[in-house]
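In: Structure for this input, please:
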Amino acid sequence: MPESTFFSFLNCLQAEKKCPPLLLLHGFNEFLGEQVVAAVARAFGQERSEFNFKRYYFDGESEASWEEILDEANSSSFFLSAQRVLTLVLRDEKKMALNAAARKAFADYLQKPNPHATLIVYVSLDLSRDEYKRVKKEKLSRLREALESPHTVSIDLDRIGEGEIKGYIKSTLNERKIAISAGAIERIQEIMADDFISILHQLPKLEAAAAQSLSIGSEQVDELISGISSHSIWDLTEAIEREDAAAYLDILKYLFINGVKPSFIIGTLISYYHKIYTAKFLLRRRFSTADIGRVLQQPPFILNKFIALVRNFPDAKIQGVLDLIYRLDYESKTSGEDSARLSLQSFIFQVKRLR
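Out: Residues are numbered from 1 along each chain as shown. Below you'll find the model as predicted:
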């Protein structure tokens, strides 16, 4: 079975304007499957109708069968429509198991698929990441085996590199005449952490926010992505610098209540302390305050205060804080979100012990 990835398939579809007879869409990032379905529809340049583009949902209440849908695919004809796209959305993992009759029907169909029909088998399950790993190991492999053929293309919606995502964000916004800075993309990556791919789901939010200015900078990203004002993050770092545990824990509680994930807070702290470390290096190289502000993309209204903090921050302490926060980042990625919350709460006390 030929393999593809989300971006590779979209690029190929755009270039060739044709689609394989059978697509299998799978991955924890299943929301990308809708973009594949929409891209297939656009590729044929047809007006959508109930006949040309039909969707079936295989869930716990579904009465449709694989055999019925394959019969419908076989009935497609050039004289009735240029191309039919039939999408089978698997909402119940039990429906991923094909019985003997369905296996035989697919085997017969895939020997000579109808050139006027495109079948899309779209695995869209409401599962956690760990649950999806189990399904992928236990059931997806058997589904792939049942649909195996030279005419089937399997698209793994999770095999996406960071470079591809960054390029897609820039090109999509550029098509809308919106410029996004490199710093803004890096900030998005820090906020989203391991879930960077889901930023593709939020592109309409970025487009709407930049509708008038036609630009997105790093200073806009925090509130756009998290929904929380960046002032609360600045208050958090100020509480750390004052070693005010009570204020720090209150702000942390506010962020958690408002749905800010620990990965976002940790990413922000890493970025903040890395900027302090970099600014100390630039000061030793006799960079001006304005130049440091441009390099680190610090807003003008906090730049002087930031530089004063950098000058008074002991070298040994910044090294110690970075060691703590990088260890916290590692633990959060290996121990889960609940553990990360507890670690963030104890972070202020670990900083207080640094001397």
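
In: Give me the helices and strands touching the host helix or strand of residue 86, please.
Out: Assigned by DSSP states H and E, residue 86 belongs to strand 84-90. Counting contacts by 3 or more C-beta pairs under 8 Å, 6 or more residues apart in numbering; DSSP states H and E, strand 84-90 packs against helix 32-43, strand 53-58, helix 66-74, strand 117-123. Just so you know, the C-beta spots here come from the backbone N, C-alpha and C atoms, and that holds for glycine as well.

In: again, only using 10 Å
Out: On a contact count with 3 or more C-beta pairs under 10 Å, 6 or more residues apart in numbering; DSSP states H and E, strand 84-90 meets strand 22-26, helix 32-43, strand 53-58, helix 66-74, strand 117-123.

In: per-stretch mean pLDDT over these, give me the minimum one.
Out: Mean pLDDT per stretch puts helix 66-74 lowest among the helices and strands packed on strand 84-90, at a mean of 82.

In: mind listing what's buried in it?
Out: Neighbour-count burial for helix 66-74, counted by 16 or more other C-beta atoms under 10 Å, picks out 66, 69, 70, 72, 73, 74.

In: Next: stretch 107-123.
Out: Buried-residue list, stretch 107-123, by 16+ other C-beta under 10 Å: 109, 110, 113, 114, 116, 117, 118, 119, 120, 121, 122, 123.

In: what's the distance between the last one and residue 98?
Out: Okay, so that is residue 123. Distance of residue 123 to residue 98, given as C-beta to C-beta, to the nearest Å: 13 Å.

In: Please identify every residue contacting each of the two.
Out: Residues touching both residue 123 and residue 98 by C-beta atoms under 10 Å, 6 or more residues apart in numbering: residue 143.

In: Which one of the buried residues of helix 66-74 is nearest to residue 146?
Out: residue 66 (9.3 Å; C-beta to C-beta).

In: for the lengthiest helix in the chain, what is the average pLDDT?
Out: For the chain, the helix reaching the highest residue count under DSSP state H is reported as helix 262-284. The pLDDT scores in helix 262-284 average 85.

In: Centre of the chain to it, how far?
Out: With C-alpha atoms, centre = their mean, to the nearest Å as the basis, helix 262-284 stands 24 Å off its chain's centre.

In: pLDDT of the helix or strand just after that helix, averaged?
Out: The C-terminal neighbour of helix 262-284 among helices and strands, as given by DSSP H and E, is helix 289-296. Average pLDDT, helix 289-296: 82.

In: got it, and stretch 135-155?
Out: Stretch 135-155 shows a mean pLDDT of 88.

In: where along the stretch 51-200 of the chain do the helices fall?
Out: In the stretch 51-200 of the chain, the segments counted as helices under DSSP state H, counting those that start in this stretch are 66-74, 100-111, 129-135, 141-146, 162-175, 182-192.

In: Compute the inter-axis angle for the second one and helix 66-74.
Out: The directions of helix 100-111 and helix 66-74 differ by 20 degrees, with axes from the mean of the first three to the mean of the last three C-alpha atoms, to 10 degrees as the criterion.

In: Could you list the residues in contact with helix 100-111?
Out: With C-beta under 10 Å, 6+ apart, helix 100-111 has contacts from 21-22, 65-71, 73-74, 98-99, 117, 119, 121, 145-152.
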